[in-house]
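S.K.: fold the following.
(2 chains)
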Amino acid sequence: MNGKVVLISDAASASGLALARAYAGVGAKLALNCAGGEAPDIAGAAVYRADLTKGAEAEALAESVVNTFGRLDAVIHNHNAVDHLSIERADDGQVRAALQYNAKSAFLLTRACGDYMRKRGGGAIVYVSSIHGEKPTGSAFAYSAAKAAVAMLAKETAIDFGAYGVRANVIAVGPVAGHDGVFKSGLSGLYDHMEQKIPGKRPVTWEEAAKLALFLTGGDCPALNGECIKLDGGFLLFYGHRYNYEEWRDLSQEKKESRGGLW
Amino acid sequence: MDLRGKTAVVTGSATGVGQGIAVSLAGYGANVVVTHNRAPASRTMEMIAEVNGRAVDIPLNVTSSEAVDKLFASAAEHFGGVDILVNNAAVQYNKWLLEYTEEQYDTIMDVNLMGYFRCIRAAIPYLKKSAHGRVINVSSIHAKRPSGFDPVYSMTKSAIQMLTYEAAIELAAYGITVNALTLGAVRIESKSGAPVFKPGKREFRKREMPYGNFLSGRWGVPPDAGYITAFLASEESRYITGSSIRSDGGIMLITV
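M.R.: Okay, the predicted model is just below:
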């Protein structure tokens, strides 16, 4: 990615910071967009303030980046805002806002930048998204619906722009530290004992997500297109196992029979 | 399956899949509220009368929360309650990603996704009172795989899948089940007899799909969706929630 131009959305977020550092670390030229908040302090990076829920601003952003840098090689959609909403009590405005921030921004960014990359003959789009495009939250229905839409957007983009050398992939990021609070639900036990449910017993980091983004936007995976890669440390595979093999082996027969190895 | 004594609201049931569902539910004995926006529902009402069903048709634009709320109040007033909601009203633009305008994006999201949400939200007070509240969201195989003919349509269907799961979790406490029906290619005739659905613009999509492309040997027809919806609306489906049933004649396994 050395010398390549990368546009990162919502650069003011924790994930945006990790992404910006990772790309700066390999010599990429950075275009950082954040409608609000502080952009990461990266030498040589250009900062933009486009509201990506508005089509005209997304178009203007793509144009500005190309005018500034003369090219655009990769786009990272990185909008993730979790609003706790109940279907029964949410009003239209809350749901619309959540869908626009998390999904419409992806569509508008894809259309604006994808068209440029298509005409230029290549590029890569990565959506830093969530396991909740696949797994319901029990707490933030508009967020998960939006993330499911983004996963589909990547597939549609892959078949639409793939013929022009543009690839689009999703990173479905799993539990990051604090997500058991972010997705706290009175209706779903998904995040109870969060870290214990991850085979490696530790959350995923944004730095790991950034490394995967580097791989997906780089030249080492030309055949990876329209894919959604789950980056959750195995969290969603959990099915009630409490013990690792050695702990189970050393349990008394009585305990084995009474506890069954399940939570 | 016996739906006698139950009342179902079927959105977008003037034509097509919604019509097939409304007629099936009426055939199994449900009182049906037929909602329609652009097309008149007279043919659906005739078909329901032919199976000796009971129905009322009410105009509804699902992009208005106020109208949706009123619809459920009218339905309950007419039949004494609402037990079954079938979310079906949807639009489809058949545009390329680059052709989509922002307004079209907003509209399809507002109808296909927000419309389903609005109807579920408005139905909740009535479904809570029902002994067997049911929500069935009509979706598409394009919830799982891209269409190539309408990227935002697929996005809405994918999102509906997740809305189905989330609603199943949230409404379980009230004994309400929420499921999705993912349909494949359905043969729907317009007034002129031509298919309403225009296949995409790519050369290989222009040809008629031969019967051989469906394991079931034929295109889907609206009653196929009707039978499954009747089952999902029945008490017998009580242990199915947050699920989706694919009814596509097997096309997804061999053709798309």
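S.K.: need the helices for the stretch 101-250 of chain A, in chain order.
M.R.: A:105-120, A:141-161, A:179-182, A:194-197, A:206-217, A:245-249 (DSSP state H, counting those that start in this stretch).
S.K.: and the second one, is it in reach of chain B?
M.R.: Yes: residues of helix A:141-161 are located near chain B by CB under 8 Å from any CB of the partner chain, namely A:141, A:144-153, A:155-161. Just so you know, the C-beta spots here come from the backbone N, C-alpha and C atoms, and that holds for glycine as well.
S.K.: ok, back up a step: okay, the helices of the stretch 101-250 of chain A, which one's buried deepest?
M.R.: Of the helices of the stretch 101-250 of chain A, the one with the most neighbours on average (mean count of other CB atoms under 10 Å in any protein chain shown) is helix A:141-161, at a mean of 28.
S.K.: would you mind writing the CA trace of that helix as CSV?
M.R.: Coordinates of each C-alpha in helix A:141-161 appear next as CSV, following Å, rounded to 0.1, in the frame of the first residue of the first chain:
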residue,chain,number,x,y,z
PHE,A,141,-32.3,-3.8,15.9
ALA,A,142,-31.7,-0.9,13.5
TYR,A,143,-27.9,-1.4,13.8
SER,A,144,-28.0,-5.1,13.0
ALA,A,145,-30.5,-4.5,10.1
ALA,A,146,-28.1,-1.9,8.7
LYS,A,147,-25.1,-4.2,9.1
ALA,A,148,-27.0,-7.0,7.2
ALA,A,149,-27.7,-4.4,4.5
VAL,A,150,-24.0,-3.5,4.3
ALA,A,151,-23.0,-7.2,4.0
MET,A,152,-25.3,-7.4,1.0
LEU,A,153,-24.1,-4.1,-0.4
ALA,A,154,-20.6,-5.6,-0.6
LYS,A,155,-21.9,-8.6,-2.6
GLU,A,156,-23.8,-6.4,-5.0
THR,A,157,-20.8,-4.1,-5.4
ALA,A,158,-18.6,-7.2,-6.1
ILE,A,159,-20.8,-8.3,-9.0
ASP,A,160,-21.5,-4.8,-10.2
PHE,A,161,-17.9,-3.4,-10.1
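S.K.: ok, B:Y165 - contacts?
M.R.: Listed by CB atoms under 8 Å, 6 or more residues apart in numbering or on different chains, the contact set of B:Y165 reads A:136, A:144, B:242.
S.K.: strands of the stretch 1-150 of chain B, start to end?
M.R.: For the stretch 1-150 of chain B, the strands defined by DSSP state E, counting those that start in this stretch cover B:7-10, B:31-36, B:54-59, B:84-87, B:134-140.
S.K.: tell me which residues are up against the longest one.
M.R.: Applying CB under 8 Å, 6+ apart, the set of residues contacting strand B:134-140 from outside is B:17-18, B:21, B:83-88, B:90, B:116, B:120, B:123, B:127, B:153-154, B:157, B:160-161, B:163-164, B:167, B:171, B:176-184, B:225, B:229, B:232-233, B:237, B:244.
S.K.: try the third one
M.R.: Contacting residues not belonging to strand B:54-59 are listed as B:14, B:22, B:26, B:31-37, B:41-42, B:44-45, B:48-49, B:71, B:74-75, B:78-79 [CB under 8 Å, 6+ apart].
S.K.: with adjacent residues omitted, what lies nearest to B:A8?
M.R.: Spatial nearest neighbour of B:A8, excluding adjacent residues (CB to CB, 6 or more residues apart in numbering or on different chains): B:I84 at 3.8 Å.
S.K.: please report how far B:Y116 lies from chain A.
M.R.: Relative to chain A, B:Y116 is positioned 10 Å away (CB to the nearest CB, to the nearest Å).
S.K.: how near is that residue to A:P199?
M.R.: As judged by CB to CB, to the nearest Å, B:Y116 and A:P199 stand 36 Å apart.
S.K.: tell me the residues of the stretch 1-150 of chain A that contact chain B?
M.R.: So the stretch 1-150 of chain A meets chain B at A:54-55, A:86-88, A:90, A:92, A:95-96, A:99, A:103-104, A:107-108, A:110-111, A:114-115, A:132-133, A:136-138, A:141, A:144-150 (CB under 8 Å from any CB).
S.K.: got a pLDDT number for the residue nearest to A:L224 when sequence neighbours are not counted?
M.R.: Residue nearest to A:L224 in three dimensions, not counting chain neighbours: A:N169, with 5.9 Å by CB to CB, 6+ apart. According to the prediction, A:N169 has pLDDT 98.
S.K.: need the contact list for A:N169.
M.R.: A:124-127, A:154, A:158, A:216, A:224-229.
S.K.: need the max-distance pair from the residues you listed.
M.R.: A:A124 and A:C228 (14.8 Å; CB to CB).
S.K.: quick one, which of the two is more surrounded?
M.R.: A:A124 (26 against 19; other CB atoms under 10 Å in any protein chain shown).
S.K.: what sits against the closest residue to that one other than its chain neighbours?
M.R.: Once flanking residues are discounted, A:A124 sits nearest to A:T217: 4.2 Å by CB to CB, 6+ apart. Shown in contact with A:T217 (CB under 8 Å, 6+ apart): A:1, A:4, A:6, A:73-74, A:76, A:124, A:126.
S.K.: which of these sit farthest apart?
M.R.: For these, and using CB to CB, no pair is farther apart than A:K4 and A:V126, which are 13.0 Å apart.
S.K.: number of residues surrounding residue 68?
M.R.: If you meant another chain, say so; for now it's chain A. Applying other CB under 10 Å, we find 14 residues neighbouring A:T68.
S.K.: sorry, I should have been clearer: chain B.
M.R.: Count around B:V68 with other CB under 10 Å applied: 24.
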